[in-house]
Every structure is written in C-alpha cells, then in structure tokens.
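S.K.: sequence plus the predicted model coming up.
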Amino acid sequence: MADHSEQLPDNASLEKDLGALRAILHRTGRAWRRPIVFEGALWYLVTLGAVVLSALLLGALVPQFIPGVTKWVLVVGGVAATLGAIVAWLGLQAGKGDVEGVATLLQRHHPAFRNDLVAALEFAEKLLDGDDNFEFSTTMARAHVRRTVSKVLSKAEHGHLAHLLPRRELVAPAMSLAGCLTLLIVPLLVDADWTLKVLNSPFAKTAAEKAEDPDIRPIVGDLYIYYSTPPYTGLGRKMDAFSTGHIETMVGTEVAIEAYPLIPNTKQIELVLETGEGTNKIVMEKLEKGPHGKLRGSFVALEPGTYHFRATLDDGTVVEDGAERKIELLPDNAPKVTVTSHEGELEVSPDDVLEIEFEVSDDFGLESVARVWHFAGGQENASKKKLDLPELANSPKETSGKIRFDLTPLSLQPKDVVVFYIEAVDNNTLTGPGTGQSQPIRLRVSSPEDKHLQNIADQQKILEELLGLLATYLESPMGEREVRSDDTWHQVVPVSTASGELTKRVGRLAKLQTEQKRILDQMGELVDKLEEDPLMLERDFTLFSALHKQLVELHDDGQSTMTMASTAMQNGGLSTGRAQRVADYASRAEDTLEKGILRFEELLASQKMEAIKATAEDIKELKDRLKELLKKYKETKDPELKKAILREIQRMRQRMSELMQRMQMQLQKLPQEHMNLDAIKQQQLESDSRKMADSLQQIEKMLENDDIDGALKALENMEMNLDSLTQDMNEQFGQAQPQGLSELDKKVGELMDQVNDLQAAEKKLEEDTAQLNKELAKERQEQIDEMLDEFTKELRQKVERQKQALEKMEGEGTEQTHRDGIKRVEQKLDELDKMLEEKDIEQSLEKAREAQEASRRLRFRIDLSQRYSDSPEQKEQLGELRKMNDGVEERGQRIVDDLEEMMDQAQQKLGNMNQQRMQELSERQKKISEQAKKLEQKIGEASKRFPMLEQQLKPSMQKSQEAMQDAQESLGKRRIQRGLDSERSALEQLGKLKQQMKQAVQKQKRQQQGQQSTRDEKVKIPGQDDQRAGKELRQDVMDAMKEEKLDSYESEIEQYYKSIME
C-alpha cells in the first residue's frame, strides 16, 4: 500500500506533468505516422500504375478485349487499390490517440527509456485517480513522473521524439513509381491514340448502349420569336428575327416561336418546355404546306427554365436538336416609396399635425397610394386610408405629394408609439399587384420620464469620465506621495528632481486641466437640463449642481497654478518651491475628486432606484385605467367602447413590454450593493412579467366573448402579480444575498491560473519582440548613417543656396507682409538645416514640407499684392519677386522629393531585415492565441453556473484575442512596431481580466460580509514608477473607494453640502 503519511504535493503539478508527457507522445506519434502515410501514398500510385499497365498489356495481346474487358480491369483494379488504401489509412488513424503504444514503441527502439515512459503514465493516472491500492511510495512515484518528463523534454526536438525512431525507407516505392511512369510513357510515344483508347475504355459505350442513344441533329432553323407583353405594361408587341432562341422577357408574356423544319418526312415537331413546374410538350402548328413549311408554337412565360425541339419521323424515330435554350423572366418590381420630409423616430405631442411629403415610382404604372398607421406592436390593427390623387387615374409611373397627418383623433398619451408609412400598389393585373412601402416613421409621444431617464444616462457618463480623470491624476503625480499624521496623502517634490523632469510633469498636469475643463462644460450643460427636469428631486439637483460648482472652483485654482508654473518655466526654469505649489494643487485635486465621485456615485444609484419605482407605478396606472374601462363597458355594452378597450389592451401590451424591458435594463445598471440581481431577474422580472402578459391575453379573449366578469378577474390576478413584483423589489433593494461564493472562488482560481500562464507567455513574447525591435532600430540607424553622410552634405548645400536666394528676395521686398513671409521661410530652412545636421531624416522631411508650405503662402501674398497694385513700377517689381520665389519653391520641392526617396529606401532596408525572426515571433503569437481561445471556452462553460463571469470577463477576453490576432498578422507582415503595440495591448487586457476576476469574488464577499471588514482599507495610490494600465487602475480606484463607503469623508462632505443647501 502507498505511504499516505508522506507529504503529498499539489495535484495541479502532477496534472501539468502528465499533460506535457501526453502532449509530447501525441506529437511523436503524429510525426512518426507522417512518413508512413507518404510511403503508403507512393505504393498506392504504384498499384494504380500496375493496373493501367495490365490493361494496356491485355489490350495489346487481345485487341477484341477493348473496351469490354479492359474497362473492367481498370475499374476493378482501381477500386480494389483504393479500398485497400482506405483500409490501411483507417487502420493507421485508429491508433492516433494511443500514447501508451507510442511510449512502448519508443522504449523498444530507444533502450535509454527502459520502461520509464509507460510507468510514468501509469503512476500519474493512478495518483490522480486517488487509487487506494497503489503499491508504491507516492513520493517516489511522483519523482519518477517528474524525472521522466524532464528526460523527455531534454531529448525532444521540435516538440516530439520521432527522431529517436527508425526512419522509413522511401527508395523502393519511389523507384517503383518511377518505373511505372516510364513504362506508361513508352506506349504513349509509340501510339498515343491507341493508348488513350484503352485508358478511356471505362467511359466508352458498347454498341448496344449506342443504339439506345437518341438521334441528335438540327431540327428547325430561321427562328422568329414574337413577344406579346401583358397589356398593363404598355410595351406592346415586338419581334426577334433570326433569333438564337434565347428568351428574355417579362413574366406573363405570350411567346410565339416560328421556324422552318430542316428534316423531311416528320410526323410532328414538338416544343419541349422544362420549368420548375415540370415538362410541357407543345405540338408545333403548320402554317404552310409542304415538307419545309413554316411551323408555329406558343406559350405564356410564367416560369424560368429551358426549351428544345423534338421531332418524330414517319418511321417512329425520335430526333432531338440537343440545344437547351434558356427562358429568363424579368420580374415586375414593386413600387418604390420614399418619405422625403421625415425619417427615423420623431418626438411628437398628442395634438401635433404633421405635413408629410412623399415620392412614389414604379416601372410600369401605379394603381393607388395610401397612408397607413398603427400602434407599435399592433400591425394587425393597422389603419389604412387611400389618398385622393387625381393623377393615378392614368396609372403614371411616378408621382409625389404632401399629406397632413393629424394626431388629435388618435387620443395619444405620453409614451405611446405610432408607426406611420406610405404604401403604394402597382397596376400589375397578371401576377400582382405589387405593393411597396416606405421606411416606417416612429412617432413617440414625449414624456417627462423619458427625458429623466436620459438625464440619468448622461450623469452616468459624466461619472465615468470623472473617474477616468481621477485615475489619470493618480497615474501622473507631481511629486512623491507621503502619508501625513492625520492619515491623509500629500505630495512632496524632492529638491534633487531634475528641471526637465519637473517640466514634463507640469505638461502632463496641464493636459489634465484641459480634459477637466471639457468634462465640466458637459456638467454645466447637464445642470441646465436637470433644472428643467420635473422628475428630478430638488435635493438631487442641489447636490449635483454643488458638485459642479466645487469642481469649477478647483479647476480655476488649477488654471492659476499652472499659469504661474508656465511663466516660471519660460523665464529660466521651475524652482522646487513653485513645483511644490503645483504638487499641493494636484493632491487637493485628487482628494476633491475622490470625495465628489463617491457622493456622485451614491446620488446616481439613488436616482436609478427611484426611476425603477416610478416605472412600477406607471404599470399600475395602466392597469387601473383598463379596470375602469372594463367596468364602464359592463354597464353600457357600447360596441364602440369595446373597440376602444381592445385598442387600449393592445397599447397596454406594447407599453408593458417596453416598461418591463426598461426596468430590467435599469436593474442591470445598478451597483451590486443595491440589489440581488439574480433573485429579481429570475424570480420577478421573468415570472411576474410573463404572468401579467398571460393575463392581458386572457382579458382580450374574454372581452371578445363578452365575458366581462372573467376579464375583471383576470385583471385582479394581474394586479396581484404586480403587487408581488413591487413588494419583492422593495425587499431586494439594499444588500445582496450571495450564493455559492466558495464555488465561485474555486472556479475563478482555476481560471486565474490559466490567465497567469497565458500572461507569462505573452510577456515573454513581448520582451523578445521589444528586443528585436531595438536591434532593428539600431541596424536601421547604422544603415541610414552609411547612406546619409554624402546625402546630407549635398542637401545642406541646397538649403544654403535657398537661404542665399531668400536674402536676395528680402532685399527686393517692398511690403512688410512679404518680408515677414520671407523670414518665415528662412526660419523653416534653419530648422531643416539643423535636422539635417543631426541626420534626422523624418524630422527633416517634415521641416522641408513646412518650408515649402511657407513658400506657397508667400507666393499667394505676392500675387494678391500684384493684383491690387495700381503702380506699373510696383507691379514689375512684384513680378520679379514672384519669379525669384518660384525658383525657391521649385528647388524646395526637389529637396522634399530627395528626402521622401531617402525615407523610402530606409524603410525598404528595414523591412528586409530579420524576416525569419519576425516569422518565428508570429508563430509563437499564434500558439498563444490558441491557448486564449481555449481559455475563452472555459470561461463560457463556467458562465453557465455563474452568468456574471461572462458579462464581466468576456469583453476583456475578446479584446485580448483581437490584440493577439493583430500582433500575429503584423509580425507576419513585418510590421514589428504595430505587432509590439498589439502585444502590449493584449497584456493590458489580460491584466484587466485578472483584476475583473478578483473583483467578481470581492463583490460577492463584500455583499456577504457587509461593510465592517472594509472600512479601514485605504485607496492604493501608485508611485511614479508604477506601470499599470490606465483602465485597470481606474477600476481599482473605484472599487477601493466604494469599499470605504464614505466613512472617512462623511462628516466633512455632509457639512459642505449642508452649507450649500442652507
């Protein structure tokens, strides 16, 4: 028995070793079978060659055997050889997954393995199965497995051990195949026709078979085809003389074919139609007497197909012409209708009158035009009214018009949706009529709730942008963060910080000021909208506007601080003291944003819950309205009221569906700490909404049968379901009730291990790619340096000549604008000369283009001055100045062309370097992408038990796969920098994926444990050297802040807002 007292390692390591051993053995088997398959293919071809040679030999010895006997020799021999090859291949495939067999084969041919491979497989499987009858020490067994795997890995080449097995000899089959081909060439050279006759014998027909073939020869000639199109088209009758027989016409056209017979002594000639409806034979009518008199046959073309001619001779012989002629039919297209005045969805009022303009066209003619409307979801109750258009009396091909659509008679209510469109019918009386419709226009009656929900969505967007702004502040500190005695953070700028580094940090914060201003502008616009929102609570509006005001004041202080810093940098440098002022502002901005975001997040969650409750109340109002109408109908039995109730039921069904979807969407957007999503989603939203929909359907059926009491009872059932939904919602808001936390933790841990492996492989690939990119950059610089010495020397000489020309132009310039323009060109040339001196070709090209653009602007100014000058002498002087500028511009363009050509040469040399290494990196990325696909499948399987995993993890998983795919393609196309960027993007998404896995468990734990264990945790603020991805950091910041639940800020925030509201 196994010694269970020994320390047992983690089974995960044993599973990994077993998986590696099986993978190598599997690849070994595949590599070992590959030459066997190739050898089998060669012997298969040799066998087929022997069959062919046997048939040729038999045909040469006994010519009478052609084609009867040789046919069967080739068929039977070929089939037998093919079946043998298939059986052999299936037998080889049957052992494809037998890794134990591969291990035994390796032990037989490579004694160094002894019995290690089979033993390692057996030990690992028994240990993993937990076999209590294991007869060896588990520690020794595990050590044996690990030692065997290490030995296999050390001897593996290209991931397998096939090189340790004996190689297959391919000389014999190859020589045999060459001999067969040589013997086949000989009869082809001697008598090619005879040889091909023997080889084609399986396809040759015997004399009996030939006798059964119909006689194929031309039957008729000089075809005339007459088309009589349907009367409504107005196309009339047309003729196709000496036609090829191909028919292309409108559906419903009467086709008449006239022709002359080419065969004498015919009993009858038929026109045989082959269409989707079957075969139709039409006997051709004789129009003229005599053996060659004109014939005629006609039919109505209703289906596409083919036709041919068939003749029956006097002796009963059947002759066909063998020509399949096509029948192609052109459809009568439905009318095209376009509403030109409106499109999409419009917000309307119940008493609006819309003026709707439209255009209608048809290929042959219009019969009628109508306007159609119905409530959304009630197509079966659509109201249609034909338009009074006098021009339709003549069936025109096109028309247009304008109608007034008055919404008042529809008795619309807020949130109602009416679908409106124009419908046209054509004059097709044969296969139609065809009906065309315009794109529907959705008319939605505006409601305060819709605007309120949009305002909530806008607030959510601003919250996310503020969170991103805070995270960026945390990623871009001005100094080093330290903790004060009161347990708060502040930033300290060390005296030793270099001036260049301080300038760089100030630049980052200046960009944040611009981003902050953009967000505050959006908040300002939203403040105006919230002030006009009647559903916005005064308290919520005051808090939001106060936050906006606070952040505006913060931004104004920041602008003043940044202006001071910018002035100092322009006047000689930023001192440590002034830099500390910037750092103090950055610390204050982080603190203010953090507190404001926490309060804003709570405020927004409160608004969302209020909106959900309002949605439930709206459904109740719909129910009460229907109940009132049913009671009124029970008293009056008014048939018009019954129709109104049916319309209300239809409207209510559409409204209830819309409101339930909105409620579900709002619940999904609420933070987890405010609700138990699974309970509400599964128990209420699905069950109760389905019951209410069933109740509406029952009410409608009972009303049609005048069972008013039953309808009222069904309405009471619907009311109970609605009350149940409302009660359960009130119970669920507050804290979550997690289920299966430990199981979720375990599953996420398993997935996390695989993400770590994937991330490690991607990180190693990114490092290798970065190293190659660095080497390529160095090689490129060396290549460019060799090319640039002489090139830059010549180009700088050209630049110098440009400067000299400009000096001469400056002396000729008479206006200040011209001299300013010349100085700008000179300035750009000085910058170009400096870039050439530094051998920076890319920047040189940019500066050359800027100088060229400055020359063009100078030419425009000279032309403008010359055009409006009244002095002939000045015009002449400006003309000379223009000629000189033209020379400068022409030489400048040559400089640009030279630089562009040099850039192209450098890029071409770079693209040809290290192609093989980039291809290897691309293959590595491909393998990592395959691992990522397997991980995505496992996440999908886990999501069946824990649906939140797919919602939270799938976006990052997909983005990482997309980045990996882009990296693979970029490396394959030798775009190394883009490939490196994509690899880093994949790493960023994998890091985010890991963080989201942690958050999935943390959220469940917070819901289970409450707030007590999280109040003392602090928001982790990164140092300057942190390299974490921005999005990942922002999510961490938000989660950490949420865990604090405002405890450390509650008193001062309450005091601040209380002072604002007083």
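M.R.: Happy to help now that I have it. Residues are numbered from 1 along each chain as shown.

S.K.: which SS state does Met478 fall under?
M.R.: Classification of Met478 by DSSP: H, G, I helix; E, B strand; the rest coil places it in coil.

S.K.: and it, what does it touch?
M.R.: Contact analysis of Met478 by CB atoms under 8 Å, 6 or more residues apart in numbering lists 491, 493, 505-506, 509, 579, 582-583, 586. (C-beta placed from N, C-alpha, C; glycine too.)

S.K.: so which of those residues belong to strands?
M.R.: Under the assignment DSSP state E, these contribute Gln491 to strands.

S.K.: list the contacts of stretch 850-865.
M.R.: Contact with stretch 850-865 is made by 802, 815, 817-818, 821-822, 824-825, 828-829, 831-832, 878, 881-882, 885-886, 888-889, 892-893, 896, as judged by CB under 8 Å, 6+ apart.

S.K.: now restrict those residues to buried residues only.
M.R.: 802, 818, 821-822, 824-825, 828-829, 831-832, 878, 881-882, 885, 888-889, 892 (16 or more other CB atoms under 10 Å).

S.K.: for Leu14, what are its contacts?
M.R.: 124, 127-128, 142, 145.

S.K.: just the buried ones among the contacts of stretch 850-865: which are in strands?
M.R.: Per DSSP E, those never map to strands.

S.K.: quick one: which of those sit in helices?
M.R.: Within the buried ones among the contacts of stretch 850-865, residues falling in helices by DSSP state H are 802, 818, 821-822, 824-825, 828-829, 831-832, 878, 881-882, 885, 888-889, 892.

S.K.: could you report the neighbour count for Met175?
M.R.: Using other CB atoms under 10 Å, Met175 has 12 neighbouring residues.

S.K.: how about low-confidence regions in the stretch 551-700 of the chain?
M.R.: The stretch 551-700 of the chain contains residues with pLDDT under 70 at 615-616, 643, 647, 650-693.

S.K.: mind listing the helices for it?
M.R.: For the stretch 551-700 of the chain, helices defined by DSSP state H, counting those that start in this stretch occupy the ranges 576-636, 639-669, 677-679, 687-704.

S.K.: do the stretch 801-950 of the chain as well
M.R.: Using DSSP H, counting those that start in this stretch, helices in the stretch 801-950 of the chain cover 816-837, 841-867, 872-911, 915-943, 947-972.

S.K.: please work out which residues outside stretch 872-890 touch it.
M.R.: Contacts to stretch 872-890, defined as CB under 8 Å, 6+ apart, come from residues 802, 805-806, 808-809, 812-814, 818, 825, 852, 855-856, 858-859, 862-863, 865-866, 869.

S.K.: quick one on the thing from earlier: redo the contacts of Met478 as a markdown table? Include neighbour count.
M.R.: A markdown table is the format used below for the contacts of Met478 (neighbours: other CB atoms under 10 Å):
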| residue | neighbour count |
| --- | --- |
| Gln491 | 20 |
| Val493 | 24 |
| Arg505 | 23 |
| Val506 | 20 |
| Leu509 | 22 |
| Ala579 | 24 |
| Val582 | 25 |
| Ala583 | 24 |
| Ala586 | 25 |
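
S.K.: what bits of the stretch 701-850 of the chain have low per-residue confidence?
M.R.: For the stretch 701-850 of the chain, the stretches with pLDDT under 70 are 721-747, 749, 777-778, 780-789, 813-814, 842.

S.K.: now, which of the contacts of Leu14 sits nearest Glu594?
M.R.: Leu128 (49.7 Å; CB to CB).

S.K.: right, and the closest one touches Asn11 too?
M.R.: Yes - applying CB atoms under 8 Å, one finds Leu128 in contact with Asn11, separated by 6.2 Å.

S.K.: on that earlier part again, mind checking which of the contacts of Leu14 are in strands?
M.R.: Members of the contacts of Leu14 lying in strands (criterion: DSSP E): none.

S.K.: so which of the helices of the stretch 801-950 of the chain gets nearest Tyr224?
M.R.: Taking CB to CB, helix 947-972 is the member of those nearest to Tyr224, at 60.8 Å.

S.K.: and the angle from the helix or strand just after that closest one to helix 915-943?
M.R.: As assigned by DSSP states H and E, the chain's next helix or strand after helix 947-972 is helix 976-1009. In terms of direction (axes from the mean of the first three to the mean of the last three CA atoms, to 10 degrees), helix 976-1009 departs from helix 915-943 by 20 degrees.

S.K.: what is helix 976-1009 packed up against?
M.R.: On a contact count with 3 or more CB pairs under 8 Å, 6 or more residues apart in numbering; DSSP states H and E, helix 976-1009 meets helix 741-812, helix 915-943, helix 947-972, helix 1030-1044.

S.K.: now tabulate these in TSV and tack on distance to Ile699.
M.R.: Formatted as TSV, the helices and strands packed on helix 976-1009 follow (distance: least, CB to CB, whole Å):
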stretch	distance to Ile699
helix 741-812	43
helix 915-943	39
helix 947-972	34
helix 1030-1044	45
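
S.K.: quick one, which of these is nearest to Arg30?
M.R.: Shortest distance between Arg30 and these, using CB to CB, is found for helix 915-943: 16.0 Å.

S.K.: what angle sits between that closest one and helix 947-972?
M.R.: Using the same axes, to 10 degrees: helix 915-943 against helix 947-972 is 170 degrees.

S.K.: helix 915-943: which residues count as buried?
M.R.: 917-918, 921-922, 924-926, 928-929, 932, 935-936, 939, 942-943.

S.K.: and what of stretch 252-265?
M.R.: In stretch 252-265, counting by 16+ other CB under 10 Å, buried: 252-253, 255, 257-259, 261-263.

S.K.: start and end of stretch 832-846, how far apart?
M.R.: The straight-line separation of the ends of stretch 832-846 (CA to CA, to the nearest Å) is 8 Å.

S.K.: how far is that stretch from where the chain is centred?
M.R.: Centroid displacement of stretch 832-846 relative to its chain, using CA atoms, centre = their mean, to the nearest Å, is 41 Å.

S.K.: for that stretch, which positions count as buried?
M.R.: Here stretch 832-846 shows 832-833, 835-836, 839-841, 844-845 as buried, counting by 16+ other CB under 10 Å.

S.K.: would you turn those into JSON lines with distance to Gly991?
M.R.: Shown next, in JSON lines, are the buried residues of stretch 832-846 (distance: CB to CB, whole Å):
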{"residue": "Leu832", "distance to Gly991": "43"}
{"residue": "Asp833", "distance to Gly991": "46"}
{"residue": "Met835", "distance to Gly991": "39"}
{"residue": "Leu836", "distance to Gly991": "43"}
{"residue": "Lys839", "distance to Gly991": "39"}
{"residue": "Asp840", "distance to Gly991": "35"}
{"residue": "Ile841", "distance to Gly991": "37"}
{"residue": "Ser844", "distance to Gly991": "39"}
{"residue": "Leu845", "distance to Gly991": "38"}
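
S.K.: what is the nearest of these to Leu641?
M.R.: For the buried residues of stretch 832-846, the nearest to Leu641 is Leu845 (81.3 Å; CB to CB).

S.K.: you'd agree Asn280 is in a strand?
M.R.: Yes - the assignment for Asn280 (three-state DSSP) places it in a strand.

S.K.: burial measure for it, as a count.
M.R.: Going by other CB under 10 Å, the residues that sit close to Asn280 add up to 15.

S.K.: so where's the stretch 51-200 of the chain uncertain?
M.R.: Scanning the stretch 51-200 of the chain for pLDDT under 70 picks out the ranges 64-65, 68, 131-136.

S.K.: can you give me the strands for it?
M.R.: In the stretch 51-200 of the chain, no strands are found when defined by DSSP state E, counting those that start in this stretch.

S.K.: good, wrapping up.
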